[in-house]
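Asks: here is my input, please return the structure:
(2 chains)
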2 protein chains.
Amino acid sequence: MGMQDAIAILGGTGDQGPGLAQRFARAGREVVIGSRKLDKAERVAAEVKEAVPEGKVTGFENAEAAKRASIVILSVPFEHTASTVKGIKDSLSEGQIVVSMGVPLATAIGDGAVRTMGVWQGSCAELVASLVPAGVEVVSAFQNVSAHRLRDLENPVECDVVVSGPRAAREKVMALCPLVPGLRAVDGGPLSNARIVEEITALLIGLNIRYKLPEGLGLRFTGLPD
Amino acid sequence: MGMQDAIAILGGTGDQGPGLAQRFARAGREVVIGSRKLDKAERVAAEVKEAVPEGKVTGFENAEAAKRASIVILSVPFEHTASTVKGIKDSLSEGQIVVSMGVPLATAIGDGAVRTMGVWQGSCAELVASLVPAGVEVVSAFQNVSAHRLRDLENPVECDVVVSGPRAAREKVMALCPLVPGLRAVDGGPLSNARIVEEITALLIGLNIRYKLPEGLGLRFTGLPD
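Replies: Okay, here's the model as predicted:
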């Protein structure tokens, strides 16, 4: 498969990254894991292949991984977002889509994950959009999907994914959601709505703590047409 | 019934207020409608009684209405929040609970309802908390409940209500939610989480517009224990 079909997941060594990778690989999509260090990326790729033996999964340094996919998903802690985007900038080319799933949790400054910090650009996604080269579109998605449930391959992930960003790119990312059983894409409109969607993650983390649900809650909108 | 049982809804002339009033009245709770003008309050009370003939519903000016209930729900446009609270301040007494359901929608400055404004205190609910007398507790709730669905008395309102604020007061407001069929109370922790819950309303309004759903979406958390 060529550039059209692969999905790159940078920071595939984090919380949600490997889970998403497993799900996409299981759905038959080629997955490229990116990390700051090649050996880490290769190790995670091997782990994903162990969970999904039929999967087509490889590991590369971030900049190399970013060249190998039309859709590049950023799954790095918020505090590594800017440096990661700067590091792959020269690898990105017109028409590529960068997906921001980061949340400015206050853990970035040593405070708790139930709170967020203000981002000058408005959201993590808009920070990313301010850093990518012209012609590269940024879409916000997947923030509210539980990492634990993603990795639980035998069960669906009951969660709506609010996808926001420029229309054509947004629709391409929305089309990825049904690859994961239980995920439903919801049209989240312009990228600035990431400000709200990112905050919801902090609310969910608080609920997970209060209700003692390490597997993590999901989110559904009621009343949406099928 | 005395002060313990009545629920006051100030700004019962707005969007969600009359719907909540109808639902609480139908559940057998005494409802006191408050408005800036007595004749408006009385008119809305009469309309609620028309929808719920068995209901115990009266209308008063805001300050008088606030004296008549242990739980006082503020259902006024964001831009009238501070003036309403200042106007009822002398009527509030220790042990009463004020429920903030307002959202700092940008409509307050002539911009759209799909966006919010920053509030110095962090949220509309925290603005209210900064204005009430000592001993009065403020709880955030009901922001995300569709006004249209509240008024559709023959159908349940499929929506979770994130309730946040000081624990004892929060639990009392959580206990109100099941009075409305379909509403489920979710423990939203400290009042500062209203910052997130209020934002969600703007996201829901945007979704209602994009999906052309004037009746309004609801919200459910998946994976919560029953």
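
Asks: how about the secondary structure of residue A:8?
Replies: Judged by DSSP: H, G, I helix; E, B strand; the rest coil, the three-state class of residue A:8 is strand.

Asks: that one: neighbour count?
Replies: When counting by other CB atoms under 10 Å in any protein chain shown, one arrives at 30 neighbours for residue A:8. Bear in mind the C-beta positions are built from the backbone N, C-alpha and C, glycine included.

Asks: for the closest residue to it other than its chain neighbours, what are its contacts?
Replies: Counting by CB to CB, 6 or more residues apart in numbering or on different chains, residue A:69 is the residue found nearest to residue A:8 once chain neighbours are left out, at 3.6 Å. Taking CB atoms under 8 Å, 6 or more residues apart in numbering or on different chains as the criterion, residue A:69 is in contact with A:3, A:6, A:7, A:8, A:32, A:96.

Asks: make JSON lines out of those residues and add distance to residue B:105.
Replies: Putting the contacts of residue A:69 into JSON lines (distance: CB to CB, whole Å) gives the following:
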{"residue": "A:3", "distance to residue B:105": "43"}
{"residue": "A:6", "distance to residue B:105": "42"}
{"residue": "A:7", "distance to residue B:105": "37"}
{"residue": "A:8", "distance to residue B:105": "38"}
{"residue": "A:32", "distance to residue B:105": "42"}
{"residue": "A:96", "distance to residue B:105": "35"}
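
Asks: where in chain A is pLDDT low?
Replies: Under the criterion pLDDT under 70, the flagged ranges of chain A are A:1-4, A:12-14.

Asks: how close does the residue nearest to residue A:166 when sequence neighbours are not counted get to chain B?
Replies: If you skip the residues right next to it in sequence, residue A:166 has residue A:137 as its closest partner in space, 5.0 Å away by CB to CB, 6+ apart. Spatial separation of residue A:137 from chain B under the definition CB to the nearest CB, to the nearest Å is 19 Å.

Asks: and residue A:137, what are its phi and psi?
Replies: For residue A:137, the backbone dihedrals are phi -100, psi 140 (criterion: degrees, to the nearest 10).

Asks: count of residues packed around it?
Replies: For residue A:137, which is what you asked about, the neighbour count (other CB under 10 Å) is 22.

Asks: pull up the gap between it and residue A:84, please.
Replies: 17 Å (CB to CB, to the nearest Å).

Asks: three-state assignment of the residue nearest to residue A:8?
Replies: Per three-state DSSP, the local secondary structure of residue A:69 is coil.

Asks: so residue A:180 touches residue A:155, yeah?
Replies: No - using CB atoms under 8 Å as the test, residue A:180 is too far from residue A:155 to be in contact (11.0 Å).

Asks: the two - which one has more neighbours?
Replies: When residue A:180 and residue A:155 are compared for neighbours, residue A:180 comes out ahead with 24 against 10, by other CB under 10 Å.

Asks: what sits against the residue nearest to residue A:166?
Replies: Residue A:137 touches A:96, A:97, A:98, A:165, A:166, A:168, A:169, counting by CB under 8 Å, 6+ apart.

Asks: list the beta-bridge partners for it.
Replies: Each beta-bridge partner of residue A:137 is listed here, defined by DSSP bridges: residue A:97.

Asks: hmm, back to that, just the buried residues of the contacts of residue A:137.
Replies: In terms of neighbour count (16 or more other CB atoms under 10 Å in any protein chain shown), the buried residues within the contacts of residue A:137 are A:96, A:97, A:98, A:165, A:169.

Asks: what packs against the longest helix along chain A?
Replies: Among the elements of chain A assigned as helix by DSSP state H, the one spanning the most residues is helix A:194-210. For helix A:194-210, the elements it packs on are helix A:124-129, strand A:137-140, strand B:183-187, helix B:194-210, judged by 3 or more CB pairs under 8 Å, 6 or more residues apart in numbering or on different chains; DSSP states H and E.

Asks: try it again at 10 Å.
Replies: Packed against helix A:194-210, as judged by 3 or more CB pairs under 10 Å, 6 or more residues apart in numbering or on different chains; DSSP states H and E, are the following elements: helix A:124-129, strand A:137-140, strand A:159-163, strand A:218-222, strand B:159-163, strand B:183-187, helix B:194-210, strand B:218-222.

Asks: phi first, then psi, for the closest residue to residue A:204 other than its chain neighbours.
Replies: Closest residue to residue A:204 in three dimensions, ignoring its sequence neighbours and counting by CB to CB, 6+ apart: residue A:217, at 5.4 Å. The phi and psi values for residue A:217, taken as degrees, to the nearest 10, are phi -80, psi 160.

Asks: residue A:217 contacts residue A:160, doesn't it?
Replies: No - checked against CB atoms under 10 Å, the pair residue A:217 and residue A:160 is beyond contact range at 11.9 Å.

Asks: what sits in contact with each of those two?
Replies: Contact criterion CB atoms under 10 Å, 6 or more residues apart in numbering or on different chains; residues bridging residue A:217 and residue A:160 by contacting each: A:144, B:220, B:222.

Asks: most neighbours among those residues, which one?
Replies: Counting neighbours by other CB under 10 Å, residue A:144 comes out on top of these with 21 neighbours.

Asks: so what's the residue nearest the centre of chain A up against?
Replies: Closest to where the C-alpha atoms of chain A average out (CA atoms, centre = their mean) is residue A:101, at 4.0 Å. When contacts are counted by CB under 10 Å, 6+ apart, residue A:101 is found next to A:9, A:11, A:14, A:16-17, A:20, A:73-76, A:124-125, A:139-145, A:161, A:194, A:197-198, A:201.

Asks: over to residue A:127?
Replies: Applying CB under 10 Å, 6+ apart to residue A:127 gives the contacts A:78, A:81, A:82, A:85, A:100, A:102, A:104, A:119, A:120, A:121, A:138, A:194.

Asks: which element is the fourth one on?
Replies: Going back to what we said before, that points to residue A:85. helix A:81-88 (DSSP states H and E).

Asks: against which helices or strands is that helix packed?
Replies: strand A:7-10, strand A:31-35, helix A:62-67, strand A:71-74, strand A:97-100, helix A:124-129.
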